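>>> Curious how this folds, go ahead:
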Amino acid sequence: QVQLVESGGGLVQSGDSLSLSCVASGLSFSTYGVGWFRQAPGKERECVAAQDWDGAIPYYGDHVMSRFTFSRDPAKNTVYLQMSSLKPEDTAVYYCAAREYRYSFTHFAPEYEHWGQGTQVTVSS
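Next up, the predicted model:
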């Protein structure tokens, strides 16, 4: 059974940094493209960062470019999202998701097969 578990969310102040983790069981991230998505109340789920299974240069959403960093630790079967210079508009539930390697890379949420439960990030002004 595939399970993705996010952690690291919390309440921070504007300008702070936060690091999210997503650990997988039942699949190996080394054969999956992985994305970090977020969804704020009343808004669509959007991709903030994603990377294809082969470790290609990550995709970043325009609104997080240069502030967020995607990384992987294959030994721990874990992916990370390092977030810096956080803004109130970054407030959302953050999810990690995985898409098997045989499918072409995308940052479109509905194309991802496996999802975590999400972790809340709240940025106060």
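>>> Identify the residues contacting residue 108.
Applying C-beta atoms under 8 Å, 6 or more residues apart in numbering to residue 108 gives the contacts residue 47. All C-beta spots, glycine's among them, are computed from the backbone N, C-alpha and C.
>>> roughly how far apart are residue 30 and residue 62?
28 Å (C-beta to C-beta, to the nearest Å).
>>> quick one: which of those two has more around it?
residue 30 (12 against 5; other C-beta atoms under 10 Å).
>>> Show the pLDDT at that one.
Looking at residue 30, its pLDDT reads 93.
>>> Please tell me how far residue 9 sits from residue 100.
According to C-beta to C-beta, residue 9 and residue 100 sit 26 Å apart.
>>> list the helices and strands the strand or helix carrying residue 71 packs on?
Using DSSP states H and E, residue 71 sits in strand 68-73. Packing partners of strand 68-73 (3 or more C-beta pairs under 8 Å, 6 or more residues apart in numbering; DSSP states H and E): strand 32-39, strand 46-51, strand 78-83.
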